[in-house]
Structures are given as structure tokens and as C-alpha cells.
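S.K.: structure here, sequence nowhere to be found:
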């Protein structure tokens, strides 16, 4: 009998890689692509993005996976679009429309006043279609079975919620917020406050902590790079303050 071969672990590379996630890719897709493309031993991320969203995804390579908690705790900056008049079962454009209402003729001042109500420390009820777990099972798996369970409100901080432009039924927004904020829930709640409902129709993460999407690498660029070409794009681990062990995001 031939000796059993030990499974190759891959190449050990430590660092932080900023990737501009394309639409319809999951965060896990990006992690898997980078790990496979460069045959890396260990890749994780510092905060997930929904498939619909684009923008900054902080990848953690090698020993960087232990910095996940420190990366995720930073403030986030998003730009997105709320479509008023339609609510969906996921609170974003990936879901099924549940209700349609007429959108009133809203003045910019009315919109700004409602947006201001959501600034500061608020509570959000997480959506059923989320990775939050109930008895060890992600809520989105229960939602797929048609189950809906009671969710406890969670405190988050909205540092600013600013209207960037209006072209009803759509409103463009910019949000700077704390870790754990659901922008699609924010869009849903704003629509409810306006009396016509709404959902998040587009989202882009611009920044996470000290990291900015302007310094991120696209998937197309990564397809053209070998490992040596990639290394200059890796940020050192000491760019993360007070890293803490966190293995949950490793894939």
C-alpha cells in the first residue's frame, strides 16, 4: 500500500488585501477566488458584504486572519440608493416584492428631516435573511423554509445619514455607521417612516475603518497578477491596531 499523501496546505502569505468586490459575488466567493488563485494556505475577511453590494472587502491572509475582530470593529462608510414604494422580503433588490405603494411628492426638506431621525444611537431589528444565528442555525436558512422568528433589536450607531440626491422614487444616500449596521434595514425603516415603504436597491462600501476602496484591487486585476505581482498590494499586519484572535471568518 502506498503511503498516504498529506494534503497540501498551500502557500503561507501574511498581510491584508483590499478588494473591490463586484456585484453578485458573495464575500465567500472572493475569499475562495483569492485562496485558489494564489494557492494560499489561509484567507479570511474582515466583515462580509451582501451579494448585491459592491465595494471594499478587507481580506486577511495568513496570520492576518487573527486580526478579523479588530478590522470589523471600525466604522463603515456606504453609499447607496433607496427605492421608495416597494418593500421586499430581504429589504433589498435581491428579494421578492411584498407590497407596493404610491410614493407621495416628497420635498427634499421632508426627506432630510426623516433621515435625521435615524442619526445617533438607534436600534435595528435584524432581517430574517441574515447570517445571524438562532440555536446555531443562520436565520437565512430558516427564512428559506418559510419560518420567521422573533428577533431582538440590536443597538447600532449612525454617525450620519445624508441624502446625496433625489429622483423619486429613488433617493441616493451616504451612511457612516458602526459595525453591525444593516443598511438594507435602514432603507426599509426609512421607507416605513415616509409611509410608502422602501428597500435598498444599490449599495457600495466605500470605507471600513482606515481602509478605503480607492486603494482596493479589482477581481479583473487579480486575474492578471501572479503572487509576486500581488505582494506589493498587501498591507502589513501592523496597519491594524490591537488585533484580536478571531477564527470565525476564515474560509
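M.R.: On my side now, so go ahead. Computed from a predicted model, the values in this text were never measured in an experiment.
S.K.: show me where the protein has strands.
M.R.: Assigned strands in the chain, in chain order: 15-21, 43-45, 54-61, 76-84, 86-88, 97-100, 120-124, 133-134, 137-138, 154-167, 170-177, 198-208, 211-212, 217-218 (criterion: DSSP state E).
S.K.: find out how far the fifth one is from the centre of the chain, if you would.
M.R.: Going back to what we said before, that points to strand 86-88. 20 Å (CA atoms, centre = their mean, to the nearest Å).
S.K.: what sits up against it?
M.R.: By CB atoms under 8 Å, 6 or more residues apart in numbering, the list of residues contacting strand 86-88 from outside reads 94-101, 169, 188, 191, 197-199. Every C-beta, even on glycine, is put in place using the N, C-alpha and C of the backbone.
S.K.: and the two most separated of those residues?
M.R.: When CB to CB is used, the two most widely separated members of the contacts of strand 86-88 are 94 and 101, lying 20.2 Å apart.
S.K.: now residue 51. Nearest residue, chain neighbours left out?
M.R.: The spatial neighbour of residue 51 that comes closest, neighbours along the chain excluded (CB to CB, 6 or more residues apart in numbering), is residue 26 at 5.1 Å.
S.K.: count the residues that sit near the one you found.
M.R.: For residue 26, the neighbour count with other CB atoms under 10 Å is 13.
S.K.: quick revisit: are any of the contacts of strand 86-88 buried, and which?
M.R.: 94, 95, 101, 169, 188, 191, 197, 198, 199 (16 or more other CB atoms under 10 Å).
S.K.: can you tell me how far the nearest residue to the last one once chain neighbours are set aside is from residue 197?
M.R.: Once its chain neighbours are removed from consideration, residue 199 has its nearest residue in residue 88; the separation is 4.6 Å (CB to CB, 6+ apart). From residue 88 over to residue 197 the distance is 9 Å, taken as CB to CB, to the nearest Å.
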